[in-house]
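[1] Got a predicted structure here, sequence first:
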Amino acid sequence: MMAFRSAFTPLLTSAFPTRTTSGTLSLSTFANSLTEHCTQTVRQNVSLLDLCKLPPASAYVHLPFCRKRCHYCDFPIIALGSSSDHHHDDPRISSYVETLCREIMATNSTPSSCPPLQTVFLGGGTPSLVPPRLVSSVLDALSSKFGVCGNAEISMEMDPGTFNAAAMKELMGLGVNRVSLGVQSFQDELLKCCGRAHGVDEIFEAVEIVKSCGVENWSLDLISSLPHQTPAMWEESLHLTIQAQPTHVSVYDLQVEQDTKFGFLYTPGEFPLPSENQSAELYKMASRMLSNAGYEHYEISSYGKTGYRCRHNTTYWKNKPFYAFGLGSASYIGGVRFSRPRRLREYTNYVQALENGVADHTQSEGIVEPKDLAMDVVMLSLRTADGLDLKSFREAFGDSILLSIFEAYRPYLESGLVICLDEQRRNVAADEVMSNEKLAYLRLSDPDGFLLSNELISVAFAVICP
Amino acid sequence: MPSLYRASKSLKSHRIPFNLFHINPNFRRLDSTAYLNPIFGWTQCAFFASQFREDPSIDLNQFPSDRIRNFSIIAHVDHGKSTLADRLLELTATIRKGHGQPQYLDKLQVERERGITVKAQTATMFHTHKYLGTDTKFLLNLIDTPGHVDFSYEVSRSLAACQGVLLVVDAAQGVQAQTVANFYLAFEANLTVIPVINKIDQPTADPDRVKEQLKSIFDLDPNEALLTSAKTGLGLEQVLPAVIERIPHPPGNSSSPLRMLLLDSYYDEYKGVICHVAVVDGTLRKGDKISSAATGQSYEVLDVGIMHPELTQTGVLLTGQVGYVVSGMRSTKEARVGDTLYQTKSIVEPLPGFKPVKHMVFSGLYPADGSDFEALSNAIERLTCNDASVSVTKESSSALGLGFRCGFLGLLHMDVFHQRLEQEHGAHVISTVPTVPYIFEYSDDSKVHVQNPAMLPSNPKNRVTACWEPTVIATIIFPSEYVGAIITLCSERRGEQLEYSFIDSQRALMKYRLPLREIVVDFYNELKSLTSGYASFDYEEAEYQASDLVKLDILLNAQPVDAMATIVHRSKAQRVGRELVDKLKKFIDRQMFEITIQAALGSKIIARETVSAMRKNVLAKCYGGDVTRKKKLLEKQKEGKKRMKRVGSVDIPQEAFHELLKGS
């Protein structure tokens, strides 16, 4: 422990001599400068303690409609029924979107302190089931309430079989410039087993539409460790994904949730689900194949070509604040995380209360416990390849916690599950960690450290909050 | 019908609410308070006990020693001892029929749950009997005793105050191992034995066979046996007359200076230490100054009385009487059982003391959560106030932190102590594998008494020249068809047969010398399953024997786990090592690195298993920025780790320690 302390001292004294300047800046100073410049540069010097209290520049919008519920899904969704393929005039959708827009408009914000949005994420559900004119009203509401930067990233989740080229074009016209395509798997039998409402043919059609319409930035989303999924199937899915040349790939590891069909049918680690080892192999295969194809594994489940990381999700990993609107969605404003009701009726009541000014969670000045914040920062940053920024963490939470985390991680630094990086992001050998003065980042290794992220992060939790 | 001690009447009287505890209407008003009082069992009892009763109708002066009988009931477990005691208390109107809870004298929760008696209890009864032609009122002291051999210490101290015993035998089951052991305790103490063949209402009762056994094993006159059913009341009217006529009155001399025997003590939070005493000679009065022969300390008698069955003030105890004394002692440590108390300034010959406590089994007790050390320490201190037979010393373990090494009279005693710690004091404990006290001798003539295997060096500097282990003489009684199985079991346990006889046409009796270690963990269970529960078993301690003993270490990633070290016979080391390693493999979860589990004798590895490294967690995404769920999951994971015990970097779940206790 003493060795650690002395090794860190030079770093400490030289790293942040001007702590007070950044620490004492008032919120309004920030807000003003932000509105004027609409830039992130000022923010990069903000202490982690204050970052979450800035006005959000990102918004998540939940569009919960699906044709039917997939067998692994426990999100707050509204199944429309697969009988009608055209939902353009479904009153359930238009009524929901109206409520959603009311929520956006009723959100408490002072225009002067509110920067325009940098990222918008339309998630679901299946947002592509919402007619473009209704998507338009949502974006209009956001724009009139907060403003949207000209270069904002506007992502939309779309499912194969739910949109055509015309709709795609129309959405692009509205400003949607990033598509997240819910492919999940390239095997019909697996899609069927998951209860997906589309087949492989529709996947290829959808990829074709996205590409032909000129969507430059798009993600192809896959799920690994599905029941009955073989390594050969997974390899095929990854091959076809690479062939489709998306700029981004998300690979989600199946999580069997209680109260889902999979939850009733299957036990993790038992047939037909892959064993822990098999599942780890699938994860490693994805990491290897996608990395070889030029995708950077920048977060546990995310791969992107250079310059194509998802800016919206990056907000989460950096523990920055964000708005959220819609059924069951979770916002992070003023250091407070708030989840909206998951049932439509309660959500509608919530919006009503918000309009009446009696349900304003978003602006409540919750007392943020530094320990909670530190856990959030560790949990989120260690999901990424960037890892934990030691300087800003130390500045916000102090030296001793960091030293204790290093102490707790010592065996894993030695075994390579955890890696230290210097300013130039070069690996620092485990035996040099204690004496190296230029440590700048701490990250989990890819893929072994990422695979054990829960364990490793909970080790850090035990240090922060014993 | 299993007849081992563990085969208790455990289901009989589960969790009886407090308001049934005391039947005297005077105490009724306290019931609501009692309900709110979260302390169970004895403490509860002591709380009531502090509300002393006065009964002006009792004049002890009416009872010179020839009108007094002190007796005890001894029996094998479940032969009806406590029920018989209840009936006698009812018969003499000491308690009201149907109003007391069953087994009145078994006051501890653990006693009720297990259907055993752990603490000796005393009750004074009055009974009128036609004696030498006239109706005469007698004072009878019933001293209830624990049945199990672990508590023979308690039995012997109870018997020291008696002149006779009722030897209760189940009419269907006949003489069992504890019947034999308890008979000999009474016989050695020179007491009058009145055989009572109980439960004669059972369809399978065979009193004649039991009479034959009494004759052949104990040389008791079959015609003297009383036939009773404590359940139906059949034959009970003969019991007290037999007690009065056959048992001699206490022999003391009322004109000699006061001498009394300290039988037992417990701590009452209002009155301080309450001592149970038997006045052997002379008279004890409130206000007397008394001294202890053992400590030399003097006290003033603040209160004196009888247990009727609640503490009832009488202001005096005469020669031969049994009662309680409150004398301002601060701790039960001052009240040494077996001590002689006498009038200060008089000169008396101390009474022969009791058998001193001898600890047969040792085990480490640690708080399940390391931070609870203070709580455990308090709980143990309070419990030992009422159970002075446990030895307690602090120890520490690298795996389990700070804890205590406790010495017990036997396994049941250890179990009961654990149970009382948890039930009466809310303590959560991890206990280490029980060990017996060994003696190791080294080439430099040094000698080590080992109560904790971890303390024994794994690679000693000096050569071990001799090892000694305690043995017991075990008595096993069982249906004769199991002879083969029992012989096999005992020879596997390194037993030496000493006796083999038949107590009647169907039942055999065997005596074995067995190393204590071999019966410490799972011998009872094994015996029970081999004989479908028909064997009964008891043991008495015997001398040490030379033995080839070795220390068996358990290593996790090459680090010895001190709390798992054990001492075994060399011939058993391989098997025990293998079992421990296999068990641990089952209970240690995969971690982020490979874990090697080894059993070692010194530097020689005799068993090895590996737990392969964990490969992957469930990598749930933080969908839509909803990190709260993920965080909760990780916090839960963190809490799980916190409950683990850590050796080196290996986390060991508490269950692993509990599991190791179960047989090795």
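    Arrived safely, thanks for sending. Note that the coordinates shown come from a computational prediction; the quantities given were computed from them, not determined experimentally.
[2] Which of the three states applies to B:Gln545?
    strand (DSSP: H, G, I helix; E, B strand; the rest coil).
[3] The nearest residue to it once chain neighbours are set aside: what's it in contact with?
    In space, and not counting its chain neighbours, B:Gln545 is closest to B:Thr471: 5.3 Å by Cβ to Cβ, 6 or more residues apart in numbering or on different chains. For glycine as for every other residue, the C-beta is placed from the backbone atoms N, C-alpha and C. Taking Cβ atoms under 8 Å, 6 or more residues apart in numbering or on different chains as the criterion, B:Thr471 is in contact with B:513-516, B:541-545.
[4] which of these count as buried?
    Neighbour-count burial (16 or more other Cβ atoms under 10 Å in any protein chain shown) applied to the contacts of B:Thr471 gives B:513-516, B:541-542, B:544.
[5] how close does the most centrally placed residue in chain A sit to A:Ser219?
    Compute the mean C-alpha point of chain A, and by Cα atoms, centre = their mean the closest residue is A:Asn313, 3.5 Å away. Distance of A:Asn313 to A:Ser219, given as Cβ to Cβ, to the nearest Å: 10 Å.
[6] One more: B:Lys583?
    49 Å.
[7] One more: B:Ile143?
    For B:Ile143 relative to A:Ser219 (Cβ to Cβ), the value is 84 Å.
[8] ditto for A:Met172
    Counting by Cβ to Cβ - A:Met172 and A:Ser219 are separated by 16 Å.
[9] Just want to know which of the two has more residues nearby.
    A:Ser219 (23 against 17; other Cβ atoms under 10 Å in any protein chain shown).
[10] Confirm for me that the more buried one is in contact with A:Val179.
    Yes. Assessed by Cβ atoms under 8 Å, A:Ser219 is found in contact with A:Val179 at 7.0 Å.
[11] Can you check which residues contact both of the two?
    A:Ser155.
[12] Report the separation between B:Thr384 and chain A.
    Here B:Thr384 is placed at a distance of 32 Å from chain A (Cβ to the nearest Cβ, to the nearest Å).
[13] Same check on B:Leu220?
    B:Leu220 is 64 Å from chain A, by Cβ to the nearest Cβ.
[14] Now do the phi/psi pair for the nearest residue to that residue once chain neighbours are set aside.
    Excluding the flanking residues, the one nearest B:Leu220 by Cβ to Cβ, 6+ apart is B:Leu214, at 4.3 Å. B:Leu214 has phi and psi values of phi -60, psi -40 when expressed as degrees, to the nearest 10.
[15] can you check B:Ser255 too?
    According to degrees, to the nearest 10, B:Ser255 has phi -90, psi 0.
[16] Which pLDDT value belongs to it?
    Per-residue pLDDT puts B:Ser255 at 89.
[17] how many other residues sit next to A:Asn151?
    9.
[18] Go through the chain and flag its longest strand.
    Picking chain A for this. strand A:148-158 (DSSP state E).
[19] that's the other chain; I wanted chain B
    Longest strand in chain B, counting by DSSP E: strand B:464-479.
[20] which element follows that one toward the C-terminus?
    helix B:483-492 (DSSP states H and E).
[21] Give me the helices and strands touching that next one, please.
    strand B:464-479, strand B:507-515, helix B:523-530 (3 or more Cβ pairs under 8 Å, 6 or more residues apart in numbering or on different chains; DSSP states H and E).
[22] Show residues contacting the following helix or strand past that helix.
    Per DSSP H and E, the first helix or strand lying C-terminal to helix B:483-492 is strand B:496-502. Outside strand B:496-502, the residues that touch it by Cβ under 8 Å, 6+ apart are B:473, B:480, B:487, B:490, B:508-514.
[23] how does it look with 6 Å?
    Strand B:496-502 is contacted from outside by B:508-513, using Cβ atoms under 6 Å, 6 or more residues apart in numbering or on different chains.
[24] who in the stretch 301-450 of chain A is up against chain B?
    A:301, A:316, A:322, A:329-330, A:337, A:411, A:415 (Cβ under 6 Å from any Cβ of the partner chain).
[25] Which of these ranks first by neighbour count?
    A:Ser329 (28 neighbours).
[26] excluding its backbone neighbours, what's nearest that residue?
    A:His62 (4.2 Å).
[27] quick one on the thing from earlier: tell me the two of the buried ones among the contacts of B:Thr471 that are most distant?
    Greatest spatial distance among these (Cβ to Cβ): B:Leu514 and B:Tyr544, at 13.2 Å.
[28] And the pLDDT for A:His297?
    pLDDT, A:His297: 97.
[29] Wait, a strand at it?
    Yes. According to three-state DSSP, A:His297 belongs to a strand.
[30] For it, give its distance to chain B.
    12 Å.
[31] which outside residues touch stretch A:117-130?
    So stretch A:117-130 is in contact with A:57-61, A:63-66, A:77, A:87, A:93, A:146, A:148-149, A:152-159, A:162-163, A:311-312, B:624, going by Cβ under 6 Å, 6+ apart.
[32] Which single residue of the stretch 201-350 of chain B approaches chain A most closely?
    B:Glu269 (36.2 Å; Cβ to the nearest Cβ).
[33] if I pick that residue, what's in contact with it?
    Applying Cβ under 6 Å, 6+ apart, no residues contact B:Glu269.
[34] State the phi and psi torsions of it.
    phi -70, psi -10.
[35] any idea which element B:Leu185 lies in?
    Counting by DSSP H and E, B:Leu185 is found in helix B:177-188.
[36] Give me the angle between the next helix or strand after that helix and helix B:177-188.
    Next helix or strand after helix B:177-188 toward the C-terminus (DSSP H and E): strand B:192-198. Between the axes of strand B:192-198 and helix B:177-188, defined by axes from the mean of the first three to the mean of the last three Cα atoms, to 10 degrees, the angle is 160 degrees.
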